[in-house]
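Chemist: got a sequence here, can you model it:
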Amino acid sequence: MASTNSWTHELESKVSAPRKFRACVMDWHTLAPKLAPHVIDNAHHVEGDGGTGTVRHYNCGSAVPFNTMKKKVEFLDADKCECKYTIECDGVETSTWNIKMKPTANGGSVANVECTSKGVQDNDMMLKAKDSAAEMFKNVEAYLIANPNAYN
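Modeler: Modelled structure (predicted):
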């Protein structure tokens, strides 16, 4: 039986909020296949200019519990490092993600990620999605630390 499932993550990083936001949100479609092809195999642009209303199609890798997903940007404020997007994928009617990145006193950042999914057919699927999100944030952090000029 399908249900609604929600989760939140608070992910601390040594990387500044603007750099992390640009990499994790603004350029996710390009960076994810390079850093974790087992999560995102590839992505392509469907419509929009990168801001609110933009739609991208993703082919997922083996670590994610679905084959494809369509991601639509519902709200984007790059200056405040905040966004909201919806995802449609196999086994879930719709999934809404809210991401807010805030600076920390040490020059790093903390990302607050909230996800609510409706029509969930398998709760294990959502746990895998949550784990994959945390892994990707960590992979991006490692990439940005190793490449200090990226996304400045």
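Chemist: quick one: the longest helix belonging to the chain to chain centroid distance?
Modeler: For the chain, the helix that runs over the most residues, judged by DSSP state H, is helix 123-146. The chain centre lies 8 Å from the centre of helix 123-146; the measure is C-alpha atoms, centre = their mean, to the nearest Å.
Chemist: buried ones in it, by neighbour count?
Modeler: For helix 123-146, a neighbour-count test (16 or more other C-beta atoms under 10 Å) marks 125-126, 129-130, 132-133, 136-137, 139-141, 143-144 as buried. Every C-beta, even on glycine, is put in place using the N, C-alpha and C of the backbone.
Chemist: would you mind pulling up the elements that the one helix or strand in the chain whose mean pLDDT sits lowest packs against?
Modeler: Ranking every helix and strand in the chain by mean pLDDT, DSSP states H and E puts helix 123-146 at the bottom, with a mean of 84. For helix 123-146, the elements it packs on are strand 3-13, helix 17-21, helix 28-35, strand 92-103, strand 109-120, judged by 3 or more C-beta pairs under 8 Å, 6 or more residues apart in numbering; DSSP states H and E.
Chemist: quick one: the third one to helix 123-146, angle?
Modeler: For helix 28-35 against helix 123-146, the angle between stretch directions is 80 degrees (axes from the mean of the first three to the mean of the last three C-alpha atoms, to 10 degrees).
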